[in-house]
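Asker: no sequence on this one, just coordinates:
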């Protein structure tokens, strides 16, 4: 993590359950977060979920969370677990290896 969050920003780690692997979810999340100017990362988890860390202005992060409820057209999101994080990730948004 890169440090403290500026005023009006938040960081959230999401664990997305459902049919979210093999449907382009990571690529979609990368494009969506980049378009919104958010920082963070996305990766598959071995148990079949997708994990997203997203950081930025509160309004943009909330919009990303709502967008993640749908994801790309082939995805079927069942549940999103959200965990607030107190640190800011490195600038930019990237895809990480499966964890």
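Answerer: Thanks, I have it. From a predicted model like this one, the values you see are computed outputs, not experimental measurements. Numbers count the residues shown, from 1 in each chain.
Asker: Need the residue closest to the centroid of this protein.
Answerer: residue 52 (3.0 Å; C-alpha atoms, centre = their mean).
Asker: That one against residue 68, yeah?
Answerer: Yes. Using C-beta atoms under 8 Å, residue 52 makes contact with residue 68 at a distance of 6.6 Å. C-beta coordinates here come from the backbone N, C-alpha and C atoms, glycine included.
Asker: what touches both of these two?
Answerer: 14, 16, 29 (C-beta atoms under 8 Å, 6 or more residues apart in numbering).
Asker: And these, which of them are buried?
Answerer: 14, 16, 29 (16 or more other C-beta atoms under 10 Å).
Asker: quick one, strands of the chain?
Answerer: Here the chain has its strands, by DSSP state E, at 3-4, 9-19, 39-44, 50-57, 76-85, 87-88, 93-95.
Asker: what stretches of the protein score poorly on pLDDT?
Answerer: Counting by pLDDT under 70, the chain contains low-confidence ranges at 1-2.
Asker: quick one, which of the strands of the chain is packed in tightest?
Answerer: Stretch with highest mean neighbour count among the strands of the chain: strand 50-57 (a mean of 24; mean count of other C-beta atoms under 10 Å).
Asker: Residues contacting that one, please?
Answerer: 5, 8-16, 20-21, 25-26, 29, 33, 36-45, 61, 64-65, 68, 85, 88-89, 93, 99.
Asker: I figured residue 94 hits residue 41, correct?
Answerer: Yes. Residue 94 is within contact range of residue 41, at 5.2 Å (criterion: C-beta under 8 Å).
Asker: In the sheet, which residues pair with residue 9? Tell me.
Answerer: residue 57 (DSSP bridges).
Asker: so it touches residue 88, yeah?
Answerer: Yes. Residue 9 lies in contact with residue 88 (C-beta under 8 Å); the separation is 7.0 Å.
Asker: re the thing from before, please tabulate the buried ones among the shared contacts of residue 52 and residue 68 in JSON lines and include distance to residue 75 as additional columns.
Answerer: Formatted as JSON lines, these follow (distance: C-beta to C-beta, whole Å):
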{"residue": "14", "distance to residue 75": "13"}
{"residue": "16", "distance to residue 75": "8"}
{"residue": "29", "distance to residue 75": "10"}
